[in-house]
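A.B. asks: only geometry, no sequence info:
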């Protein structure tokens, strides 16, 4: 299991609701969460076998930005 962290612009529960179906649809993602209270809006992804670029592309499909930390 690998943990990836990203700085995002996902800033509220409504934003989280937009990315939820896309992230939940990625079979390689075991668990994920966004700390919307952190100024960096950190997305933490626990994965079996997905690269950071795929997570970034998934976030971008929902209309948000992500940058690997």
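C.D. replies: Noted; the coordinates are in hand. Everything numeric in this text was worked out from a predicted model, so none of it was measured. Residues are numbered from 1 along each chain as shown.
A.B. asks: How about residues contacting the lengthiest helix in the chain?
C.D. replies: For the chain, the longest helix by residue count, based on DSSP state H, is helix 13-24. For helix 13-24, the surrounding residues in contact (C-beta atoms under 8 Å, 6 or more residues apart in numbering) are 9-10, 29, 32, 34, 36, 45, 55, 58-59, 61-64. Every residue, glycine included, has its C-beta placed from N, CA and C.
A.B. asks: next one: stretch 42-55
C.D. replies: 1-8, 10, 23, 26, 28-35, 59, 66, 68-69.
A.B. asks: Mark which of these are buried, thanks.
C.D. replies: 4-8, 10, 23, 29, 32, 34, 59, 66 (16 or more other C-beta atoms under 10 Å).
A.B. asks: So which of the residues you listed are in strands?
C.D. replies: When DSSP state E defines the strands, the subset of the buried ones among the contacts of stretch 42-55 inside them is 4-8, 29, 32, 34, 66.
A.B. asks: Can you lay out the residues you listed as a markdown table showing pLDDT and distance to residue 17?
C.D. replies: Converted to a markdown table, those look like this (pLDDT from 0 to 100; distance: C-beta to C-beta, whole Å):
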| residue | pLDDT | distance to residue 17 |
| --- | --- | --- |
| 4 | 96 | 21 |
| 5 | 97 | 21 |
| 6 | 97 | 18 |
| 7 | 97 | 20 |
| 8 | 97 | 14 |
| 29 | 92 | 17 |
| 32 | 96 | 13 |
| 34 | 96 | 11 |
| 66 | 97 | 17 |
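A.B. asks: Any chance of a markdown table for the residues you listed, columns distance to residue 18?
C.D. replies: Shown next, in a markdown table, are those (distance: C-beta to C-beta, whole Å):
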| residue | distance to residue 18 |
| --- | --- |
| 4 | 20 |
| 5 | 20 |
| 6 | 16 |
| 7 | 18 |
| 8 | 12 |
| 29 | 16 |
| 32 | 14 |
| 34 | 11 |
| 66 | 13 |
